[in-house]
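Asker: here is my input; please provide its structure:
(4 chains)
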Number of protein chains: 2
Amino acid sequence: MTSRRRERDALALADQLHSAAIHLLRHLRKEDDASGLSAPRLSALSVVVFGGPITLGQLARAEQVKPPTMTRIVTGLEKDGLVRRKGDKRDRRLTKIYATPKGEKVLVAGRARRVELLARAVERLGATELAELGRGAQLLRELIDSMRREQ
Amino acid sequence: MTSRRRERDALALADQLHSAAIHLLRHLRKEDDASGLSAPRLSALSVVVFGGPITLGQLARAEQVKPPTMTRIVTGLEKDGLVRRKGDKRDRRLTKIYATPKGEKVLVAGRARRVELLARAVERLGATELAELGRGAQLLRELIDSMRREQ
DNA sequence: AAGGTATCGTTAGCTGTGCTAACGATCTCG
DNA sequence: CGAGATCGTTAGCACAGCTAACGATACCTT
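Answerer: Next up, the predicted model:
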């Protein structure tokens, strides 16, 4: 029965991916700390910087988080001057989040520091492995997107 | 300069992996919650179940966490009857952690539920993509191991 | 044998992230 | 105008991560 085998493979792979994600983040968290930004803040700031002005609710959805959680993340970023809140003129229920110049700078610097460890490890790979891992990352992203759509 | 390009590729890849890990865990956390076990507890329980009796310190190192953190994780698992502490006869400073039968059962059930969402998504892949993603997962694990060995 | 040092696990206390419930403010639509 | 929907915030809970400090135990050197 080949479907049995497929299912077992899928389960084993899912488990490996889960475990890898946990351990990867534990390593990178140390680098995040060096920049003074936690992983969730860095991730949210990244969305704001690259996704332009965005409402808090949209940001929460983008980060797969409930609004109260995003409120505090944004508050933390704002306290550090990386982001600022601005009410929407049209709909005054909305809070738009803008990246400050400092926020953009810190993001770039933080990102470089954050991925340095991982990038150093990546650089030790051969060209073939680099391509294979890149393909894996792409597939993983697509997988996550498909999970989100299914929900 | 080809090294420039390599560096840029490595950085972009590191960034993708980081982002993917964050979003993957956010999705799976919902399934973890359904089993009553958080991701760190599930991960620690898994090590105990499959890694046999183990000291708290070894468990902390295996999970890339400081001892006080592991103390609380184990306390939570013990309170749920999934694990039990037992002093080592030889070296009475050590606390050995044992999985209970209930712990083993819960791990299996929790794991199945946890990876179901991810496995469903994985099963939608073609055979080629499945193999590619498997290769990516393997490389990622090796990458993490090499990061751990580095420092 | 004894005393100093090292190791192990725990406790205490801080920060940050996640949630739900409830609320006030605002918009929308009948 | 008023009822209901939507948005962000506040309050309060649980958990996970850390450092610092401590008691208990083991080890080692004298």
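Asker: does DNA strand C have contacts with the helix or strand encompassing residue A:13?
Answerer: In this structure, residue A:13 sits in helix A:2-34 according to DSSP states H and E. No - using CB under 7 Å from any atom of the strand, helix A:2-34 stays clear of DNA strand C, with a minimum separation of 9.0 Å. Every C-beta, even on glycine, is put in place using the N, C-alpha and C of the backbone.
Asker: so what touches the helix or strand following that helix?
Answerer: Once helix A:2-34 ends, the next helix or strand along the chain (criterion: DSSP H and E) is helix A:39-50. Helix A:39-50 is contacted from outside by A:25, A:28-29, A:32, A:35, A:37, A:54, A:59, A:62-63, A:65, A:70, A:73-74, A:76-77, A:82-83, A:97-99, A:103-104, A:106-107, A:110-111, A:114, B:18-19, B:22, using CB atoms under 8 Å, 6 or more residues apart in numbering or on different chains.
Asker: and the helix holding residue A:13, what does it pack onto?
Answerer: Judged by 3 or more CB pairs under 8 Å, 6 or more residues apart in numbering or on different chains; DSSP states H and E, the packing partners of helix A:2-34 are helix A:39-50, helix A:101-123, helix B:2-34, helix B:39-51, helix B:101-123, helix B:127-150.
Asker: including mean neighbour count and mean pLDDT, could these go into a markdown table?
Answerer: Output for those, formatted as a markdown table (neighbours: other CB atoms under 10 Å in any protein chain shown; pLDDT from 0 to 100):
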| stretch | mean neighbour count | mean pLDDT |
| --- | --- | --- |
| helix A:39-50 | 20 | 92 |
| helix A:101-123 | 18 | 81 |
| helix B:2-34 | 17 | 76 |
| helix B:39-51 | 20 | 92 |
| helix B:101-123 | 18 | 81 |
| helix B:127-150 | 17 | 88 |
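Asker: in a markdown table: the ones you listed, plus distance to residue A:129.
Answerer: Below are the helices and strands packed on helix A:2-34 laid out as a markdown table (distance: least, CB to CB, whole Å):
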| stretch | distance to residue A:129 |
| --- | --- |
| helix A:39-50 | 26 |
| helix A:101-123 | 9 |
| helix B:2-34 | 11 |
| helix B:39-51 | 26 |
| helix B:101-123 | 22 |
| helix B:127-150 | 6 |
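Asker: out of these, nearest to residue A:138?
Answerer: helix B:2-34 (7.8 Å; CB to CB).
Asker: and that closest one, how far from the chain's centre?
Answerer: 16 Å (CA atoms, centre = their mean, to the nearest Å).
Asker: give me the distance between the most centrally placed residue in chain A and residue B:137.
Answerer: In chain A, the centroid-proximal residue (CA atoms, centre = their mean) is residue A:43; its distance is 4.2 Å. To residue B:137, residue A:43 is 22 Å away according to CB to CB, to the nearest Å.
Asker: with residue A:94 instead?
Answerer: According to CB to CB, residue A:94 and residue B:137 sit 41 Å apart.
Asker: which residues of chain A lie near DNA strand C?
Answerer: Residues of chain A lying near DNA strand C (CB under 7 Å from any atom of the strand): A:38, A:40-41, A:65-66, A:68-69, A:72-73, A:76, A:90-93.
Asker: list only buried entries from the residues you listed.
Answerer: A:40, A:41, A:65, A:73, A:76 (16 or more other CB atoms under 10 Å in any protein chain shown).
Asker: now check the helix or strand harbouring the last one, is it near DNA strand D?
Answerer: Read that as residue A:76. Using DSSP H and E, residue A:76 sits in helix A:67-79. Yes - contact of helix A:67-79 with DNA strand D (CB under 7 Å from any atom of the strand) involves A:67, A:68, A:70, A:71, A:72, A:74, A:75.
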